[in-house]
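>>> One predicted model, sequence on top.
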Amino acid sequence: MRNCPYCGGAVSLADISAAKNDKAVQVDCGQCGNVFSAPLLEPAPEPETSSDEDKRSVSKLLAEGNSLLKQKRHKEASLMLLAASEKAPDRIDILKSLAQACSKSNLAYEALSAYTKILRIDPDNEGALFKAGMLYVQQRRFDHGIKSLKRLLAIDPGNSQAELMLRIAESGKNQAAAKKDDGQKRVGGTLPQPWPERIYELVQSSGASTLVFVALWMIPLLLFAYTYGNYSSDSKVMTGLMIAMMLYSVMLSVAVHELGHGLAAFLLGDETPFDTGSLTLNPARYVSIVGTLAVPAGVYTLTGIMFGWARPTSFNKVRLSMWPRDQVIVAGAGPLASFILSYAMFTLFLVLASAYNNVHDTTQIYFSTDLSSRFDMENGLFAPLWFLGLEISSMTAIISLVTGVFSLLPIHPLDGSELLALALPPEWAARIRAGFAPGLAIVAAALYLGWTVYMFFPAYLVLAGYHILANNIL
């Protein structure tokens, strides 16, 4: 069917009056009588179906992912290949590239997931069997690794790499079993012990060093009390003392926060916090020169808000007993520990302030969120102890609350970003986890523009509640 260029009417092949050549035909329009030459047209292609479009999209994503992989932009490649695998979940070539990109991006769980999908499609895939077995061994899931490697050797008995990895896996399993028999640790990858047994194991392994670490936390408190008792009239010394006490409160807050993460992971079956020394009262373990000292001091000077972070607690999400539920618990345990510490210290402040107000009639103590102003104390033998208890309890209550709220912001690498990532599809989760630099830029911009009131708005609400409760009690 063609259209007449004169009248626009449709001209069928039955209206063709002249013999055609290989390029054009003479067409006699039956409506207006005009004759015109029209080229031969190939039949119009059938419209693309959605499946054709998906195939083209998958091919494009795969090509871009492989190109990024060659450029060693592994995280970006993993995002592209993950999107391609969701559109074509049965393509082994996509899954292989995805597993390679995830391995090079230190995304061990995602890489293992990709190799597992390959083995569901092709149970005898030698490359996937070896890589999966190796990842299982690295994660101390020896039984799974041995099973994969034995299957590979059944297919290819002469595979020397598989034989070597199998010996490593069996040796690791035997060593872990020996430690379990000695009552030291559980075997990696097995079900965790009940919580009471895990806590008893942790207490038994603490030893005398725990008392030393408790003493390390107590020594600064004694120094604070001594300084107040001898230099309370020196304004410069007291200004320095208040800053030192705020930094101490920051260290205590972030240490409890990170200890909450580590303890949750340990109770849920992951030995990594125990092995890396994260389950300790050693204050040096939690100190970060930038996050625990420099940033809190600088941010407080600029904005009047005190917060910081500690050295993060290491844990292996693959070794948790139930993923991703347990990962949500571990991510939320830190903020929860901060909020518990905040309320506990606020309760301690109320007890101390009530006792002080009952004993002293001339000066009264009330709750204040101004960390720079110190409480006015009556002189006396116990004045340094009153000052120490009231200041540390109020500072820690405020700082720990702000630390918990700050950690819940959905900005990488904060806990809120991990909780958000676990609730989103994999491709979005990977984007959030890769956004370290944008996250820092957002925080820096908020601090510079004075938007901290919006960032910490939940903390202000809780502090308002603290004020109301304290005013009614004191």
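Yep, that arrived.
>>> who's in contact with Thr369?
When contacts are counted by C-beta atoms under 8 Å, 6 or more residues apart in numbering, Thr369 touches Ile398, Leu463, His467. Heads up, the C-betas are built off the backbone N, CA and C, glycines and all.
>>> Just to be sure, it is in a helix?
No: Thr369 is assigned coil when assessed by DSSP: H, G, I helix; E, B strand; the rest coil, not a helix.
>>> gap between it and Met242?
Thr369 is 14 Å from Met242, where distance means C-beta to C-beta, to the nearest Å.
>>> rewinding a little: among the contacts of Thr369, name the ones in helices.
Counting by DSSP state H, the part of the contacts of Thr369 found in helices is Ile398, Leu463, His467.
>>> Just give the nearest non-adjacent residue to the second one, would you?
So that's Leu463. Distance criterion C-beta to C-beta, 6 or more residues apart in numbering; nearest residue to Leu463, sequence neighbours excluded, is Thr369 at 5.5 Å.
>>> can you check the last one too?
Excluding its sequence neighbours, the residue lying closest to His467 (C-beta to C-beta, 6+ apart) is Phe367, at 6.1 Å.
>>> Surely the one you found is in contact with Ala353?
Yes: between Phe367 and Ala353 there is a contact at 7.3 Å, judged by C-beta atoms under 8 Å.
>>> shared neighbours of those two, anything?
With C-beta under 8 Å, 6+ apart as the test, Phe367 and Ala353 both reach Ala470, Leu474.
>>> any idea how far Val402 lies from Pro283?
Taking C-beta to C-beta, one finds Val402 at 20 Å from Pro283.
>>> the more surrounded of those two?
Under the neighbour definition other C-beta atoms under 10 Å, Val402 and Pro283 were set side by side, and Val402 has more, 27 against 18.
>>> Just the element for that one, please.
helix 383-407 (DSSP states H and E).
>>> One more: Gly416?
Gly416 belongs to helix 415-423, assigned by DSSP H and E.
>>> helices and strands around that helix, which ones?
helix 325-359, helix 426-433 (3 or more C-beta pairs under 8 Å, 6 or more residues apart in numbering; DSSP states H and E).
>>> The ones you listed: which one's closest to Ala111?
helix 426-433 (12.4 Å; C-beta to C-beta).
>>> for the helix holding Gly416, which positions count as buried?
Asp415, Gly416, Ser417, Glu418, Leu419, Leu420, Ala421, Leu422 (16 or more other C-beta atoms under 10 Å).
>>> Let me know how buried Lys104 is, in neighbour terms.
Residues near Lys104, counting by other C-beta under 10 Å: 16.
>>> quick one, what contacts it?
With contact taken as C-beta under 8 Å, 6+ apart, Lys104 is in contact with Leu69, Lys72, His74.
>>> thinking again about what came up before, for the residue nearest to Leu463, give me phi and psi.
phi -90, psi 0 (degrees, to the nearest 10).
>>> Distance check, it against Thr301.
Taken as C-beta to C-beta, the span from Thr369 to Thr301 is 17 Å.
>>> do Trp428 as well
Trp428 is 37 Å from Thr301, by C-beta to C-beta.
>>> can you map out the helices along the stretch 1-150 of the chain?
50-70, 74-87, 92-104, 108-121, 126-138, 142-155 (DSSP state H, counting those that start in this stretch).
>>> The residue nearest to Val462 when sequence neighbours are not counted: neighbour count?
Closest residue to Val462 apart from its sequence neighbours, by C-beta to C-beta, 6+ apart: Leu401 at 5.8 Å. Using other C-beta under 10 Å, Leu401 has 27 neighbouring residues.
>>> show me what contacts Leu401?
Leu401 neighbours (C-beta under 8 Å, 6+ apart): Ser338, Phe339, Ser342, Ala459, Val462, Leu463.
>>> Any idea which of those residues the model trusts least?
pLDDT across these is at its lowest for Ala459, which sits at 85.
>>> That one - that's part of a strand, no?
No: counting by three-state DSSP, Ala459 is not part of a strand but helix.
>>> how about Lys147, what does it touch?
Gly133.
>>> Against Pro157, how distant is it?
17 Å.
>>> for His467, same thing?
75 Å.
>>> Looking at those two now, which is surrounded by more residues?
His467 (14 against 9).
>>> So for stretch 108-122, mean pLDDT?
So the average pLDDT for stretch 108-122 ends up being 84.
>>> can you pull the buried residues of that stretch?
Buried residues in stretch 108-122 (16+ other C-beta under 10 Å): Ala108, Tyr109, Glu110, Ala111, Leu112, Ser113, Ala114, Tyr115, Thr116, Lys117, Ile118, Leu119.
>>> I'd like these as CSV, with distance to Leu166 appended.
Output for the buried residues of stretch 108-122, formatted as CSV (distance: C-beta to C-beta, whole Å):
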residue, distance to Leu166
Ala108, 20
Tyr109, 23
Glu110, 25
Ala111, 20
Leu112, 18
Ser113, 22
Ala114, 22
Tyr115, 17
Thr116, 19
Lys117, 23
Ile118, 20
Leu119, 17
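>>> May I see the buried residues of stretch 457-473?
So for stretch 457-473, counting by 16+ other C-beta under 10 Å, buried means Ala459, Tyr460, Val462, Leu463, Tyr466, Ala470.
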